[in-house]
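Student: Following is a predicted model, sequence given first.
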Amino acid sequence: MLTPPRTVVRRDGGLYALERALQRRGFRHVAGADEAGRGACAGPLVAAAAVLPEGRRGEIDELADSKLLTPAARERVYDEVVARALAYAVVVIPADEVDARGLHVCNLAAMRRALASLGTRPEYVLTDGFGVDGLDVPGLAVWKGDRVAACVAAASVLAKVTRDRIMVELDERYPGYGFAEHKGYITPEHSAALRELGPCREHRFSYVNVATVSGRDGRPPRSRRPAAGSPDEALFGAPEDAFADGRDEPMERSGAPGGTVGVALGEQPRPPAPVGEDVVMEGGVR
């Protein structure tokens, strides 16, 4: 059996080289997936997926790993990705679900759902750092993918901007923590606020620093909030008072049971794809 020729992607080929190489081999619609909020101890985990068009229309000025962009540049790139992408999707995993299911499980599930929600079915998937199973198309996990592949960088911007906007909204609901500044990550200011105020309902109690200041560090790491009416409830307020201003939870948090929400250009998420394998580029064997 003839072995297909290898495709060489030059290191100096730029952010679009990997996608262009895949497109030359017949994979026209290449999706990238990435997340934001893994390291934060408060707020949701957000995953996104994007398919950029071929050619010049898919080349977006300033596109880069979201962590390398200023907030203003991220907003500009976000608008361009939304305007130009063939398809994009964003999935929000609330803090309590991260506690209940575990960070890595939620991360994989969120990226899988974002990819399944794309209105344009990808023919190849690139992910940042680690592979995502449960897909019926070939894929490749790319080290620092948001700095190597344009579609992954686009997904990183979608996830980061969405999450930052949520954290700014949460800062209004839970003043004193500084969510609008540090976005829920562990900074000296955030740690000081945790010690002074205790955790709020948007903190992740499976994280050691939050469990410690809540007095729950001796309990199983995923023991979430105290039951209604318990003495510990003072940490949070009663559930019905959590959003006393009468608004729903941030973004589209009121979606599917369990709190996971897919947002894909106004479409409903598709059913999960059949389980497949992530394979190396050009159909090779892992």
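Tutor: Structure received.
Student: Low-confidence ranges, the stretch 1-150 of the chain, go.
Tutor: Applying pLDDT under 70 to the stretch 1-150 of the chain flags residues 1-13.
Student: quick one: the strands in it?
Tutor: Using DSSP state E, counting those that start in this stretch, the strands of the stretch 1-150 of the chain run over 30-36, 45-51, 87-93, 124-128, 139-142.
Student: Against which helices or strands is the third one packed?
Tutor: Here strand 87-93 touches strand 45-51, helix 103-116, helix 150-173, strand 261-263, going by 3 or more CB pairs under 8 Å, 6 or more residues apart in numbering; DSSP states H and E. Using the backbone N, CA and C atoms, a C-beta is placed for each residue, glycine as well.
Student: Can you mark which positions in the second one are buried?
Tutor: When burial is assessed from 16 or more other CB atoms under 10 Å, helix 103-116 yields the following buried residues: Leu103, Cys106, Asn107, Leu108, Ala109, Ala110, Met111, Arg112, Arg113, Ala114, Leu115, Ala116.
Student: Just the closest of the residues you listed to Glu80, please.
Tutor: Nearest to Glu80, judged by CB to CB, of the buried residues of helix 103-116 is Ala114 at 19.0 Å.
Student: Wait, that closest one touches Ala89, no?
Tutor: Yes - contact criterion CB atoms under 8 Å: Ala114 and Ala89 qualify, at 4.4 Å.
Student: how about a markdown table for the strands of the stretch 1-150 of the chain, with mean neighbour count and distance to Pro199 added?
Tutor: Converted to a markdown table, those look like this (neighbours: other CB atoms under 10 Å; distance: least, CB to CB, whole Å):
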| stretch | mean neighbour count | distance to Pro199 |
| --- | --- | --- |
| strand 30-36 | 30 | 21 |
| strand 45-51 | 31 | 17 |
| strand 87-93 | 27 | 18 |
| strand 124-128 | 26 | 29 |
| strand 139-142 | 20 | 33 |
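Student: In JSON lines, list the ones you listed along with distance to Tyr78.
Tutor: Formatted as JSON lines, the strands of the stretch 1-150 of the chain follow (distance: least, CB to CB, whole Å):
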{"stretch": "strand 30-36", "distance to Tyr78": "12"}
{"stretch": "strand 45-51", "distance to Tyr78": "10"}
{"stretch": "strand 87-93", "distance to Tyr78": "10"}
{"stretch": "strand 124-128", "distance to Tyr78": "17"}
{"stretch": "strand 139-142", "distance to Tyr78": "22"}
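Student: Looking at those strands, which is nearest to Lys183?
Tutor: Nearest of those to Lys183, taken as CB to CB: strand 30-36 at 8.8 Å.
Student: Sheet partners, orientation included, of that closest one?
Tutor: Strand 30-36 has its sheet partners listed here by DSSP bridges as strand 45-51 (antiparallel), strand 124-128 (parallel).
Student: ok now do Glu189, which residues does it touch?
Tutor: Contacts of Glu189 were listed using CB atoms under 8 Å, 6 or more residues apart in numbering, and they are Gly178, Glu181, His182.
Student: Could you tell me how many residues sit around the last one?
Tutor: Put plainly, it is His182. Close neighbours of His182, defined as other CB atoms under 10 Å, add up to 19.
Student: May I have the residues that are in contact with the residue nearest to it when sequence neighbours are not counted?
Tutor: Computed as CB to CB, 6 or more residues apart in numbering, the closest residue to His182 that is not its neighbour in sequence is His190, at 5.1 Å. Residues counted as contacts of His190 (CB under 8 Å, 6+ apart) are Cys41, Ala42, Tyr177, Gly178, His182, Gly184.
Student: The third one touches Leu197, doesn't it?
Tutor: Yes - assessed by CB under 8 Å, Tyr177 is found in contact with Leu197 at 6.8 Å.
Student: follow-up on the earlier one: the buried residues of helix 103-116 into a markdown table, with extra columns for distance to Ala47?
Tutor: What follows is those, written out as a markdown table (distance: CB to CB, whole Å):
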| residue | distance to Ala47 |
| --- | --- |
| Leu103 | 12 |
| Cys106 | 9 |
| Asn107 | 7 |
| Leu108 | 9 |
| Ala109 | 9 |
| Ala110 | 4 |
| Met111 | 5 |
| Arg112 | 9 |
| Arg113 | 8 |
| Ala114 | 5 |
| Leu115 | 9 |
| Ala116 | 11 |
